[in-house]
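Asker: Quick one: sequence and predicted model below, then my questions.
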Amino acid sequence: MALRDRLRRLVQKPGSVDLAPLRALADEAGGRESRVRELSDAELTAAASALREKEDLAELCALGREAARRTLGERPFDVQLVGTLALLSGHVAEMATGEGKTLSGALAAAGYALRGNRVHVMSVNDYLARRDAEWMGPLYAMLGVTVGWVGQASTPDERREAYGADVTYAPVSEVGFDLLRDRLATSTADLVLPEPSVALIDEADSVLVDEAMVPLVLAGAADSGEADPRHAELVRRLRPGLHYSTDDEARNVQLTAAGAREVERVLGLDLYAPENLAALTAVNVALHAEVLLQRDVDYIVRDGAVKLISESRGRVALLQRWPDGLQAAVEAKEALDASPSGEILDSITVQELIGRYPVRCGMTGTAMAVAGQLTEFYSLQIAVVPPNRPCVRVDEPDRLYATAADKEVAIVEEIAAAHAGGRPVLVGTGDVAESERLARRLARAGLDRVVLNAKNDAEEAAIIAEAGAYGAITVSTQMAGRGTDIRLGGSPSPTAPGTAPAEQDGSDHDRVARAGGLLVIGTGRYHSSRLDDQLRGRAGRQGDPGGSVFFTSLQDDLVTRYAPDEESKASAGDDGLITDKGAHWIVGHAQRVAEGVDLELHRNTWRYNQLIGLQRREVLAERDAVLRGDAADRAMAAEAPGRHAELTGVAGADAVAAAARQIVLYQLDRCWAEHLAFLADLREGIHLRSLGRGLDPLVEFNREAVPAGKRLLADARRRSVAAFEALTASAEDGIDLDSAGLKRPSATWTYLVHDNPFGSLDERALRGLINMFRGRRR
């Protein structure tokens, strides 16, 4: 054993950690199992509480295992305890689908809490946060740990209570939104979040990599961002090739000379005259919305509103929207009422949010593929936890076809053949449109199927839980973060909060196992190999039989976007199947290019946000001193001593101090919102100014952003003094804050911004990045 571990360490992948010490602790916990089993419930709780005074990880695992057995009817396997210990060591635990990450995470959260830490278990949606908190609640109670959960509908008081627990389950977005609201609080009584301590992240690769740079936004009411419906109607009539052209990657669209003349004719103006810049921008945004954003691919329309689709999860991205101009253009395109727009008051990226926590750990089924990024951006290592039973899933080589039509015919034939033998089939598609197109093909072939996509994602737990039933055919968009196991025979994992896993019907399980187990079919490679692996991982859970195969074509979006210049001279068979290795290489190459581009965009965005984060921390430090103390009152007494003395004589010292606090908080918040708008405009324009001049856009951005940030606090102080001096007061009514011009937004709301894929600096560099990665040849 020792020799094998030494050899493993010698050849282990970068970013992975040695499991030997963790296995030893799990073995030690096993040795204590018989003793712990003799404890009464009260004695077990007392023994767990004693761990607050001393650290004993083996004892924690032994007590946690017994508590799980008593409260949940589940005895954690040794590998689950290894996963728990990896989390308690501050690592990301890679555990395959069906290996019990939820229980491992709960035991780790309890362990951190018993050490005196407050733990935020961050999930990807409300459903999982509530389900896991209530499901694991009895376990926490027996270990003497309190637990709460936060959802989108939680009130401020409910949030405050939940965050007051030892362990709080919440969607990562809700934690971010609560932080943003706290950063604009005008009273300490309004704060809901405690100081950050431990972040334990479910689906860690998705949160920490795929969504790392998604900005969470707090906005305040402003003028409507309604788009002119004439522009939507105008661009709808333009003809591709004649009036506009798109680049190879379908990321940008431009009016041709003929298109510009047609637009000018219809609108009756000189499109490129300086006074018509707003009209030019509006037409371009409308053209982007019409040509480059596809309904049922990039978004759906539900309940009279545009709902964005998460590329990495294949479902509605709750609370996400594009920047106001593009959002309004898509709404005009679909003839919908314009949603509220507003001024951005504050924002934070998911990466910056997670970075606030001194201790970070996480769990996922696919971490090693992004081990480098987890180390580079978060200093996290990966603990690859082996399955409890060896995986016997058969992963077949990809089947490559010349055309998308040939591919879809072959997919239907494969599904029909598996279904004839009773084998359940799970089909993973790239988007809503593809899932519905394939469902229609299956219907024409006489095959019953269930479809899960962004249009019915509220039903996902029930649909996925039954995907392993005998003869079932399930067509789904991306499977990442579904949070529900697929058990052979259709036995569900919890489908409602607080429900323990149902007992599996052995006869149903055996019947499906004899048919070959679950067959997973991918209708094309995703832009990340991790998403491929997440789909594959749905089959073969806990040593069950299963299989996977991906069908691809040279017409797939991945190939045409990321390897458009690669040509294959390989011939196809009568059914369109291509066996040439060179042609297969093109698909793999396109995926590697896509992954390289995503990483480089992540790095670039991170570099820009580093400076903004530093500036925000400086402002927040001053704001916190004002909110929690008398810094504002002292500043006004020093800067406007005469007016301070007058107001104190009329209204009293306490009233003047309170007014000074509100004035300085308002001016700090006002200056920060204006600074964010300046930085957004600066970043948009800096690229154009750098083109052809050999300048580094990041250097140019910092050259202007740094001095602007330094002026910010001075401007806020100057405005505060002016507002303070303008205050009026009377002995009867006290101080009139309205006289200082403090007009905060009448309403605020939160959302996530889906980065504009057409106008941002990073995306404009996409073609150069693709060309760079294409250069990495065979």
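Answerer: Arrived safely.
Asker: Let me know whether residue 362 touches residue 380 as I believe.
Answerer: Yes: Residue 362 is within contact range of residue 380, at 7.4 Å (criterion: Cβ atoms under 8 Å). All C-beta atoms are positioned from the backbone trio N, CA, C, and that covers glycine.
Asker: of those two, who's got more company?
Answerer: Taking other Cβ atoms under 10 Å, residue 362 and residue 380 do not tie; residue 362 has more neighbours (31 against 21).
Asker: show me the residues around that one that make contact.
Answerer: By Cβ atoms under 8 Å, 6 or more residues apart in numbering, the residues touching residue 362 are 87, 92-93, 199-202, 204, 207-208, 380.
Asker: Quick check: closest non-adjacent residue to it.
Answerer: Nearest non-adjacent residue to residue 362, counting by Cβ to Cβ, 6 or more residues apart in numbering: residue 204, 2.8 Å away.
Asker: Give me the pLDDT for the one you found.
Answerer: Predicted confidence (pLDDT) for residue 204: 95.
Asker: Could you count how many residues lie near it?
Answerer: Counted with other Cβ under 10 Å, residue 204 comes out at 29.
Asker: before we move on, back to that, could you tell me which residues touch both of residue 362 and residue 380?
Answerer: 92, 208.
Asker: how close does residue 303 sit to residue 749?
Answerer: 17 Å (Cβ to Cβ, to the nearest Å).
Asker: likewise residue 213?
Answerer: 21 Å.
Asker: try residue 717
Answerer: Taken as Cβ to Cβ, the span from residue 717 to residue 749 is 30 Å.
Asker: If you count surrounding residues, which of the two has more?
Answerer: Shown here are residue 717 and residue 749; by other Cβ under 10 Å, residue 717 has more neighbours (18 against 15).
Asker: Please name the nearest non-neighbouring residue to that one.
Answerer: residue 635 (7.0 Å).
Asker: Residue 715 now?
Answerer: Nearest non-adjacent residue to residue 715 (Cβ to Cβ, 6+ apart): residue 671, at 5.3 Å.
Asker: looking at this, that neighbour is in a helix?
Answerer: Yes: with DSSP: H, G, I helix; E, B strand; the rest coil as the criterion, residue 671 is part of a helix.
Asker: what about it, how many neighbours?
Answerer: 21.
Asker: isn't it right up against residue 718?
Answerer: No: using Cβ under 8 Å, residue 671 is not in contact with residue 718; the gap is 9.8 Å.
Asker: follow-up on the earlier one: from residue 466, how far off is the residue nearest to residue 717?
Answerer: 64 Å.
Asker: And for residue 742?
Answerer: Using Cβ to Cβ, residue 742 is found at 56 Å from residue 466.
Asker: What is the neighbour count of residue 486?
Answerer: 30.
Asker: what's near enough to touch it?
Answerer: By Cβ under 8 Å, 6+ apart, the neighbours of residue 486 are 98, 426, 464-465, 467-468, 518, 538-539, 541.
Asker: Helix or strand for it, just tell me which one.
Answerer: Here residue 486, judged by DSSP states H and E, is contained in no helix and no strand.
Asker: can you pull the pLDDT of it?
Answerer: 85.
Asker: Could you pull up phi and psi at it?
Answerer: With angles defined as degrees, to the nearest 10, residue 486 sits at phi -110, psi 110.
Asker: show me the contacts for the residue nearest to residue 362.
Answerer: Here residue 204 is in contact with 92, 362-364, 367, 374 (Cβ under 8 Å, 6+ apart).
Asker: Looking at these, which one is closest to residue 450?
Answerer: Comparing these against residue 450 with Cβ to Cβ places residue 364 closest, at 26.2 Å.
Asker: ranges for the helices of the stretch 301-450 of the chain?
Answerer: 324-333, 350-355, 371-378, 404-420, 432-444 (DSSP state H, counting those that start in this stretch).
Asker: quick one: contacts of the second one?
Answerer: This points to helix 350-355. 122, 172, 175-176, 179, 199, 201, 207-208, 211-214, 216, 360, 377-378, 606, 609, 613.
Asker: Just the ones of those residues in helices?
Answerer: 172, 175-176, 179, 377-378, 606, 609, 613 (DSSP state H).
Asker: which one among those gets closest to residue 57?
Answerer: Looking across the ones in helices among the contacts of helix 350-355 and measuring by Cβ to Cβ, the closest to residue 57 is residue 378, at 23.0 Å.
Asker: So what's the residue count around that closest one?
Answerer: Residue 378 has 20 nearby residues by other Cβ under 10 Å.
Asker: ok, now how distant is it from residue 201?
Answerer: Per Cβ to Cβ, residue 378 is found 10 Å from residue 201.
Asker: what sits in contact with each of those two?
Answerer: Common contacts of residue 378 and residue 201 (Cβ under 8 Å, 6+ apart): 208, 354, 360.
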